[in-house]
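[1] heads up, no residue letters with this:
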C-alpha cells in the first residue's frame, strides 16, 4: 500500500514490481486472501501485548506495523480490534442460539439473545474511544489514503498491474469494516436482509466475504444454511422472545448509527473542510466521500442502518 500510494511527487504507481508481486500473491493465495491490505491484516492480525501477561486493553497493546500519520493508525486499528473483542461473546452465543431454536427452548434462546445484546452495548462503548485516539484530519488526509484500494477508485481506475502474476491490471477493494465477519454474522443470524441488485449493499457485503479469512467465510456460509431465528421468534408469538430479539437488532442499529456519525467526523466533515466551503464538481465530491472499500460510504451505511431497523418486530 505504501509503495503504490506514498509518492512525494504525487505520482501513483500503477505497476507492482514482480519481486514484490510474485511472492506477495503466492502468500496471499496460501492465506486464502486477495493480494491487498484487508481488515484481517490491519486489524485482526495487527497487534501485540506490551506486557504478555497483561490484559488486552488499549493501554497494554500496540500495533505490529504502521503507516505515516503518527499514532492515528494505532488508534484506528486498535480501537477497531477492541470493538471486535467486545463483540466476540455474540459469536460465542451463536451455537447456543441455533441449538435453542432447534430444541424450541424459549428460555435458552432468550438468554443467548440477551448475551448478544449486552456484547453489542460493550462494542459501542469501545467504538466511542475512536474519538479519543484518532485525529480526523490525520485520518482523512494520511491514513485513509494508505487503506484505499484499486477498485471503485478513480485514481487507479484501471486497477493495479501485478507484474509477473497477471498480464492485465486487477481491481481489489481496500480495507473496510464490511470485511468484519462479526457484523455480517449477526445479520445472517438475525435475518437482516440488505437491499439487493447490482451495486447494492447486499452485493458489496457478499463481495467483502472474499476478503475475510477462509474460516470466517465458511462459518458465515454454514450459518446461512441453519434455522431462521427471526422466523422462529415470529412464529411463537412470545412477547419476551420478541423483546429479546428486538434488543439485539436495536444493538446493531445503535452501532450502525454511531458508525454513520464516525464517518461524518472522519470523512465527510474533513472533505468539506478541505473544499473550504466552495462547491466542487460532483465527481470530485464523490471521490472524497468514498470509503476505503470503494463505496459511497454514507449512502451505503444509511442503507445498512435502514435495513437493520426494518428487521425490528412490531409488538403483537
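    Right, received. Where do you want to start? Just so it is clear, the structure is predicted and the values come from calculations on it, not from any experiment. Residues are numbered from 1 along each chain as shown.
[2] which stretches of the protein aren't confidently modelled?
    Within the chain, the segments meeting pLDDT under 70 span 7-10, 277-295, 315-316.
[3] and the gap between the closest residue to residue 192 other than its chain neighbours and residue 193?
    Among residues not flanking residue 192 along the chain, residue 311 sits closest, at 4.6 Å (Cβ to Cβ, 6 or more residues apart in numbering). From N, CA and C alone the C-beta is placed, and that goes for glycine too. The gap separating residue 311 from residue 193 is 8 Å, by Cβ to Cβ, to the nearest Å.
[4] Then residue 125?
    Distance, residue 125 to residue 193, by Cβ to Cβ: 28 Å.
[5] Let me see the contact set for the residue nearest the centre of the chain.
    Closest to where the C-alpha atoms of the chain average out (Cα atoms, centre = their mean) is residue 177, at 1.3 Å. Residue 177 makes contact with 39, 80, 183, 259, 293, according to Cβ atoms under 8 Å, 6 or more residues apart in numbering.
[6] Could you identify the helix or strand that succeeds the helix or strand the fourth one falls within?
    What that stands for is residue 259. Residue 259 is part of helix 239-263, with elements assigned from DSSP states H and E. For helix 239-263, the following helix or strand on the C-terminal side (DSSP H and E) is helix 269-275.
[7] Check which helices and strands that next one sits against.
    Secondary-structure packing of helix 269-275 (3 or more Cβ pairs under 8 Å, 6 or more residues apart in numbering; DSSP states H and E): helix 136-138, helix 282-288.
[8] Could you pull out the buried residues of that helix?
    By neighbour count with 16 or more other Cβ atoms under 10 Å, helix 269-275 contains the buried residues 270, 271, 272.
[9] any chance you could read off phi and psi for residue 71?
    When quoted as degrees, to the nearest 10, the phi and psi of residue 71 stand at phi -80, psi 10.
[10] Show me what the helix or strand in which residue 183 is found is packed against.
    Residue 183 belongs to helix 181-190 when elements are defined using DSSP H and E. Using 3+ Cβ pairs under 8 Å, 6+ apart, the elements in contact with helix 181-190 are helix 72-92, helix 94-103, helix 201-208, helix 214-224, helix 229-236, helix 239-263.
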